[in-house]
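Peer 1: Predicted model, plus sequence, below.
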Amino acid sequence: MYNPKSTSATEFISDSEIRSTIEYARENCNNRALVDGVIEKARNFKGLSHREAALLLECSDPETVERIYSLANEIKHRFYGNRIVMFAPLYLSNYCVNGCVYCPYHAKNRTIRRKKLTQEEIRAEVIALQDMGHKRLALEAGEHPLKNPIEYILESIKTIYSIKHKNGAIRRVNVNIAATTVENYRRLRDAGIGTYILFQETYNKANYEALHPTGPKSDYAYHTEAMDRAMQGGIDDVGIGVLFGLDTYRYDFVGLLMHAEHLEATYGVGPHTISVPRLCQADDVDTADFKNAVPDDVFCKIVAVIRIAVPYTGMIISTRESAKSRERLLELGITQISGGSRTSVGGYVNEEAPEENSAQFDIADHRSLDEVVEWLLDLNHIPSFCTACYREGRTGDRFMTLLKNGQISNCCLPNALFTLKEYLKDYASPPVRAKGDAMIKRLLEDIPNDRARSKASEYLEKIEQGERDFRF
Ligand code: SAM
């Protein structure tokens, strides 16, 4: 029985509701009046239900798809402007006891080189990341109760926040580790994490169980209810996602939106972010063995319809996608991207030779952070290293309320410009610095409020003179 307010996985992610939604979308996608009505509703910027979103996803006539893309772009600009938040993953350990068939960390893989960073090695990785200009990290680790217990993750977070190297600082540590207990989520919250991220991989229970044959992750309910426990543990920014390519995109698209609806209905706050990874080639994983690969044009539609369905949720794309794919997706609703990423353990200090591979998957965008920043500037997106909301306590429903009221735009643009200015001063190459300074000069004029504009110019001048870490 489908019940978005239930805390039982198979009730808030209802298999029969997903199947009947897919059926409904198939039967009605050529009903012009119905589709127009849904697009009209979406123009109120209040989002869509999973049924309405599934209907739009099923539309394939070019004119409707163009309308969906243009609305997604409009919604993105309304809530997020042209800011793109930058982050990098930091892989702590690839020891893992699970048997996930799509992930090379699986316990039976004997070819991947196993590695776990010591606190000293973490320090070196973080200094390398700070020297690139990063301010936000996403911690990644395999699940291994002995090698990577929660104490190791907590100690690593403490180490990361403590490192002050030149003008560098990691100001927000997001964490992507295996589903855990309420008590452990509370400890993560107390350690000052930003978002707790966990991908569902697939919402299809039967397929989930086949893809996760062994290890703690094989428990569908425990994994699917993780965000409930995270919220009960006091973490109010959670990031969900599916690994597209494991099950049919239709099934997981609907499941993802039902999960968002469940969190909103039960805790009054939807997911802070949605990630849309696609399955990649990896050490002993061949994507050809998976039959549900999502073609590029369908993937664009997925991103655009998610943007329309949940206008207030950040959307993340990683370096699993190529520069070309990322360029297109930025126009359709993506708000955060990683740059200069390494998916190997210790990869920021030592680029590893292929034969000593410890990487989780092959990335498609190999550019440095500076190249990514330049590319964003050329495309007229504002590269932002902002962490202000989290540091001002604007998380969970406080963040969502501000965003929904459009108020966040009063401080987001200046905050993005302050952090871009820091990047330009401390890390950018000369051509990137020139392009970035020109953008800041241009955009300063766009701050509508006189007081905010003059305060912003004052802060930017102070950053120019060497002071750091200003925010509204
Ligand atoms: N171990 C944690 C867990 O079980 O959720 C999370 C960390 S794992 C390093 C991060 C994510 O990488 C996984 O949730 C999965 O979606 C993704 N991943 C695994 N194998 C992948 C592959 N071959 N291609 C792309 N992404 C992959």
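Peer 2: That came through, no problem.

Peer 1: Please list all residues in contact with the closest residue to Tyr267 other than its chain neighbours.
Peer 2: In space, and not counting its chain neighbours, Tyr267 is closest to Met231: 4.8 Å by C-beta to C-beta, 6 or more residues apart in numbering. To be clear about C-beta, it is placed using only N, CA and C from the backbone, and glycine gets the same treatment. Met231 makes contacts with Val238, Leu263, Thr266, Tyr267, as judged by C-beta atoms under 8 Å, 6 or more residues apart in numbering.

Peer 1: cool, Ile317 as well?
Peer 2: With C-beta under 8 Å, 6+ apart, Ile317 has these contacts: Ser275, Val276, Val303, Arg326, Leu329, Ile334, Gln336, Ile337.

Peer 1: What residue, apart from its backbone neighbours, is nearest the fourth one spatially?
Peer 2: Of all residues not flanking Arg326 in the chain, Ile317 sits nearest, at 5.8 Å (C-beta to C-beta, 6+ apart).

Peer 1: returning to that earlier point: go through the contacts of Ile317 and say which is closest to the ligand.
Peer 2: Using C-beta to the nearest ligand atom, Ser275 comes nearest to the ligand of the contacts of Ile317, at 8.3 Å.

Peer 1: Wait, the closest one touches Phe199, no?
Peer 2: Yes. Contact criterion C-beta atoms under 8 Å: Ser275 and Phe199 qualify, at 6.4 Å.

Peer 1: Mind checking which of these two has more residues around it?
Peer 2: The neighbour comparison of Ser275 against Phe199 (other C-beta atoms under 10 Å) goes to Ser275, with 23 against 16.

Peer 1: near the ligand, which residues of this protein?
Peer 2: Proximity of the chain to the ligand, by C-beta under 6 Å from any ligand atom, involves residues 102-103, 140, 142-143, 176-178, 198-199, 201, 217, 243, 277, 279-280, 282, 285, 320, 360-361.

Peer 1: Narrow the residues you listed to those in strands?
Peer 2: Among the residues of the chain next to the ligand, the members found in strands (DSSP state E) are Glu140, Asn176.

Peer 1: Buried only: go through the residues of the chain next to the ligand for me.
Peer 2: Neighbour counting by 16 or more other C-beta atoms under 10 Å classes 102-103, 140, 142-143, 176-178, 198-199, 201, 217, 243, 277, 279-280, 282, 285, 320, 360-361 among these as buried.

Peer 1: For the residue in the stretch 351-472 of the chain that the ligand sits nearest to, give me its contacts.
Peer 2: At 3.8 Å from the ligand, Phe361 is the closest residue in the stretch 351-472 of the chain, using C-beta to the nearest ligand atom. Counting by C-beta under 8 Å, 6+ apart, Phe361 makes contact with Pro104, Cys280, Gln281, Ala282, Val285, Arg320, Thr343.

Peer 1: out of these, what pair is the most spread apart?
Peer 2: Spatially, the most separated pair among these is Pro104 and Arg320, at 13.9 Å (C-beta to C-beta).

Peer 1: coming back round to it: residues bridging contact with Ser275 and Phe199, i.e. touching both?
Peer 2: Counting by C-beta under 8 Å, 6+ apart, the residues touching both Ser275 and Phe199 are Ile240, Gly241.

Peer 1: centroid residue for this structure?
Peer 2: For the chain, the residue nearest the mean C-alpha position is Ile316 (3.3 Å; C-alpha atoms, centre = their mean).

Peer 1: quick one: secondary structure of it?
Peer 2: Assigned with DSSP: H, G, I helix; E, B strand; the rest coil, Ile316 falls in the strand class.

Peer 1: can you count the residues close to Ala359?
Peer 2: Residues near Ala359, counting by other C-beta under 10 Å, number 21.

Peer 1: Please consider this matter closed, and thank you.
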